[in-house]
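> Return a 3D structure for these sequence lines:
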Amino acid sequence: MRKVFFNGKFVDESEAKISIYDSALMFGDTVFEMTRSFNKKQFKLREHLERLYASAKYLHIPLEDAMTIDEMEEAVYRTIEINEPCFEADDEHRIMIDVTRGLLSIYEDVVGTHTGINIVIADFPLRWTVEEMGKLFDTGINAVIPSQRAIPASLIDPKVKNRSRIHYLMANIEVGSVEGDNNWALLLDTDNFIAEGTGDNFFIVKNGEVITPEPRNILRGISRGYIMELCKELQIPCLEKNLDVYDVVNADEAFMSGTPFCMLPVTSINGQKIGTGAMGGVTSTLLEAWGEKVGVDIEGQIKEWNKRPRKHSADAPSPYSFKRK
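Have a look, this model is predicted:
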């Protein structure tokens, strides 16, 4: 049975429980990070942890007082070590770290309830997260623009990776009602420029240049940053600028980036074909370069996992979509 690091102890996954009086439930008052491994080696873990601590500091959650970043890193690796016997040989470790502020003060006298912040480190197979994504390397994603807008930085700074994400879910619910398959939400900001997906960043390719939205109204993804690094190494021009739907419609290629899947092609927007309607050459070059760097055929790995899906509720929402019943 998998174990979870829960406030300094390792407990069974089913026993890692947060109080109903926790600020996380009352306000979505949680910062978090998700990481993945390649060949069982964590990828850019330190960068994820640095963002976690920056998010906690911004929200005045005293994470540094409870656990230093070095102690957190050590706890992550200990969690992986303990859970490795529960994983299949070709599994990768998907780490989820959640930090909540803890009980609201009016509930702190509830008997037997932990007070202070909660630190939770969970580890389960990455393949569960990317189930059914293998086909998207071939078909691509149809990006759908919902009426729900991204929350602008003037209201809540999107650099803070937090659990107050009801706007993501509302976008997914709306896009879930659109006919057809492979529909993923792509949010606009309040100025009608492209912002981000509901858990992923967005790029287009035009005339050999890789272009991604300006970062003011988006979560600046670790994967997004790595793609920009790869572009520099490969001498592919890469820039941040405002993009509107017109730019996407007339792009040569487009793709999403995210920790679990790294890169997935976007082959249409609102049902209108982008470029050739298939993964483009620049997208493929970047994905292959990423795979070479980490020693994994990223596309092949996900497709292989998709050959042995789990049994689960087909209508349950995912971070990227909301399936209609």
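> use CA for all of it now, contacts and neighbours both
Noted.
> what sits up against stretch 186-198?
Residues outside stretch 186-198 that contact it (CA atoms under 8 Å, 6 or more residues apart in numbering) are 143-146, 148-152, 168-169, 171-172, 184-185, 201-202, 213-214, 217-219, 242-245, 256, 319-320.
> measure that stretch end to end?
End-to-end distance for stretch 186-198: 7 Å, by CA to CA, to the nearest Å.
> One more: stretch 37-45?
Stretch 37-45 end-to-end distance (CA to CA) = 9 Å.
> ok, Glu73 touching Arg46?
Yes. Using CA atoms under 8 Å, Glu73 is in contact with Arg46, at 7.4 Å.
> who touches both of the two?
By CA under 8 Å, 6+ apart, Glu73 and Arg46 have no common neighbours.
> hang on, the earlier thing: any of the contacts of stretch 186-198 buried? List them.
The neighbour-count test (16 or more other CA atoms under 10 Å) marks 143-146, 148-152, 168-169, 171-172, 184-185, 201-202, 213-214, 217-219, 243-244, 256, 320 as buried among these.
> low-confidence ranges in the stretch 151-300 of the chain?
The model of the stretch 151-300 of the chain has no residue with pLDDT under 70.
> What ranges does it have for its helices?
Here the stretch 151-300 of the chain has its helices, by DSSP state H, counting those that start in this stretch, at 166-176, 222-233, 245-249, 281-294, 298-305.
> nearest to Met34, of those?
With CA to CA as the criterion, Met34 lies closest to helix 222-233 of the helices of the stretch 151-300 of the chain, at 10.2 Å.
> Just the C-alpha atoms of the closest one, please, in PDB.
The C-alpha coordinates for helix 222-233 follow below in PDB (Å, rounded to 0.1, in the frame of the first residue of the first chain):
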ATOM      1  CA  ILE A 222       8.100  24.900 -15.200                       C
ATOM      2  CA  SER A 223       7.600  23.000 -18.500                       C
ATOM      3  CA  ARG A 224       6.900  26.300 -20.200                       C
ATOM      4  CA  GLY A 225      10.300  27.600 -19.000                       C
ATOM      5  CA  TYR A 226      12.100  24.400 -20.000                       C
ATOM      6  CA  ILE A 227      10.700  24.700 -23.600                       C
ATOM      7  CA  MET A 228      12.100  28.200 -23.800                       C
ATOM      8  CA  GLU A 229      15.400  26.800 -22.600                       C
ATOM      9  CA  LEU A 230      15.300  24.100 -25.300                       C
ATOM     10  CA  CYS A 231      14.500  26.700 -27.900                       C
ATOM     11  CA  LYS A 232      17.600  28.700 -26.900                       C
ATOM     12  CA  GLU A 233      19.800  25.600 -27.100                       C
END
